[in-house]
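Enquirer: model this:
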Amino acid sequence: MVNKKNIFIISLIVFVDLLAFSITFPVIPYYVAEFSVGASMVGILSAIYALGQFLFTPIIGRLSDRFGRKPLILLCVAGSIAGYSFLGFAQNLWMLLIGKIIGGILGSTVSLAYTYTSDCTDESSRAYGMGYLGAAFGAAFTFGPAIGGILSKHGYTLPIKISALLALLNLVLVFIFLREPQRNTKSELSVQSVGNIFTSIIYAFRIPTLRSLLLQWFLFSLAFATFQSNIGLFNKYHLHLSPRESSVVFATIGILVTIVQGGLVKRLTQRYNESTLLLICSLLFTITLFLWANVWNMTILLILLVPLCFAASMIITLTNSIISKAGTGDNTGSIIGVAAGLDNLTRAVTALGGGLLIEHSGTAAPGIAAGIIMIIASWATYRRFWEAE
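Expert: The predicted model follows:
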């Protein structure tokens, strides 16, 4: 059973939420630089946002159990309005920090959307609902950066203010059109199943079969987050791209990820073993990260993004699939929640560490660091899936 109307509405809300978020991608490094701070401050702001999500997403999930999905989604969207407003109208560094803190604490709209979708679907239709959310992700991250780059020619604050207006539009959409779903008590993907994130992570790592799998996921996430969190800084300080040129890079990433997740993953997994694909893509991602650290112009970067995004998208999708299969009906949601928590944690660590690396060790440092991490991850993949046989 699936409520197609509810799925469409929540997917539209996710699209607008992520469109507003991704519009800011190309301009944030340039905007923050106007406050006479270095690359490390961009990293600190991103780390604050990711850490807020890591700490508060489980809490907001549990509150949605008690008070309903719609009230908490309204609260989170209202938080986005406040966060973007502080950023867009900032007069000093403290206003930037406040904006990111608010955004991180209340940045659970997408997580709640997954819970909402799980409530509106059963196991047989779950993929249908998640597919709509995936399409919303791909579309938002394709168009958002391009819009941000175009708007940046009128000033770095304009894209952020447009994001605030989009968040306001989202608030209206949620208030008028979103209906509280009938709770699916058997849902396995609910955010609330995470519980206390620290307790869940400690518990999961005590299980031998999960320990190696989650450690492998952590290394993959750490390498990918090093790329994702620092590509904007790399564009500015290494390639000296303008915000509009940087937006082309982000839009290209969005298009490539959409292509891979939209069709290639399914075709390849039907023909080849997941473990084989994961090892091949791990090696490919390792090589492309080292090459990324040494690209010398935008054209070479755009060409390199093809194999890099292919490998990264395949790794993320395959590892999530393997993780979801590691659980039983009683703990699948909890395992997925732990994996999501680890992902948020890596984004906080790499956002802060990447900025410091660029400032003190050079613009190639994040790529080299990510490549080294992937060497370890590739070895762990080989040990887990091949030597076990």
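Enquirer: quick one: buried residues of the helix or strand containing Tyr49?
Expert: When elements are assigned from DSSP states H and E, Tyr49 belongs to helix 39-67. Buried residues in helix 39-67, counted by 16 or more other CB atoms under 10 Å: 39-64. The C-beta positions use only the backbone N, C-alpha and C, and glycine is treated the same way.
Enquirer: repeat for stretch 129-137
Expert: Neighbour-count burial for stretch 129-137 [16+ other CB under 10 Å]: 129-130, 132-137.
Enquirer: the strands in the stretch 151-300 of the chain, which residues?
Expert: Counting by DSSP state E, counting those that start in this stretch, the stretch 151-300 of the chain forms no strands at all.
Enquirer: please pull out the lowest mean pLDDT helix or strand from the chain.
Expert: The helix or strand of the chain with the lowest confidence, counting by mean pLDDT, DSSP states H and E, is helix 197-205 at a mean of 74.
Enquirer: tilt between that one and helix 39-67?
Expert: Interaxial angle of helix 197-205 relative to helix 39-67 (axes from the mean of the first three to the mean of the last three CA atoms, to 10 degrees): 90 degrees.
Enquirer: returning to what we had before: the buried residues of stretch 129-137 in strands, which ones?
Expert: Of the positions in the buried residues of stretch 129-137, not one sits in strands, assigned by DSSP state E.
Enquirer: let's have the residues you listed in a markdown table, adding pLDDT.
Expert: Converted to a markdown table, those look like this (pLDDT from 0 to 100):
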| residue | pLDDT |
| --- | --- |
| Gly129 | 72 |
| Met130 | 68 |
| Tyr132 | 77 |
| Leu133 | 80 |
| Gly134 | 71 |
| Ala135 | 76 |
| Ala136 | 83 |
| Phe137 | 81 |
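Enquirer: can you tell me which of those residues are in helices?
Expert: 129-130, 132-137 (DSSP state H).
Enquirer: shaky segments in this protein?
Expert: 1-2, 123-128, 130-131, 183-197, 262-263, 320-321, 323-337, 385-389 (pLDDT under 70).
Enquirer: care to break the protein down by domain?
Expert: According to automatic domain parsing, the chain comprises the domains 1-177, 196-389.
Enquirer: what's the distance between the closest residue to Leu289 other than its chain neighbours and Ala365?
Expert: With sequence-adjacent residues excluded and distances taken as CB to CB, 6 or more residues apart in numbering, Leu289 is closest to Gly371, at 4.1 Å. Gly371 is 11 Å from Ala365, where distance means CB to CB, to the nearest Å.
Enquirer: equivalent analysis for Phe310, please.
Expert: 24 Å.
Enquirer: in the stretch 51-200 of the chain, which spans are helices?
Expert: Counting by DSSP state H, counting those that start in this stretch, the stretch 51-200 of the chain has helices at residues 69-88, 93-105, 109-119, 126-151, 157-177, 197-205.
Enquirer: of those, which is nearest Leu352?
Expert: Among those, helix 93-105 comes nearest to Leu352, with 12.3 Å by CB to CB.
Enquirer: so what does the closest one touch, helix or strand wise?
Expert: Applying 3 or more CB pairs under 8 Å, 6 or more residues apart in numbering; DSSP states H and E, one finds that helix 93-105 contacts helix 39-67, helix 69-88.
Enquirer: may I see those helices organised as CSV, with distance to His240 added?
Expert: Shown next, in CSV, are the helices and strands packed on helix 93-105 (distance: least, CB to CB, whole Å):
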stretch, distance to His240
helix 39-67, 13
helix 69-88, 24
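Enquirer: out of those, flag the one nearest Ile147.
Expert: Among the helices and strands packed on helix 93-105, helix 69-88 sits nearest to Ile147 (CB to CB), with 14.2 Å.
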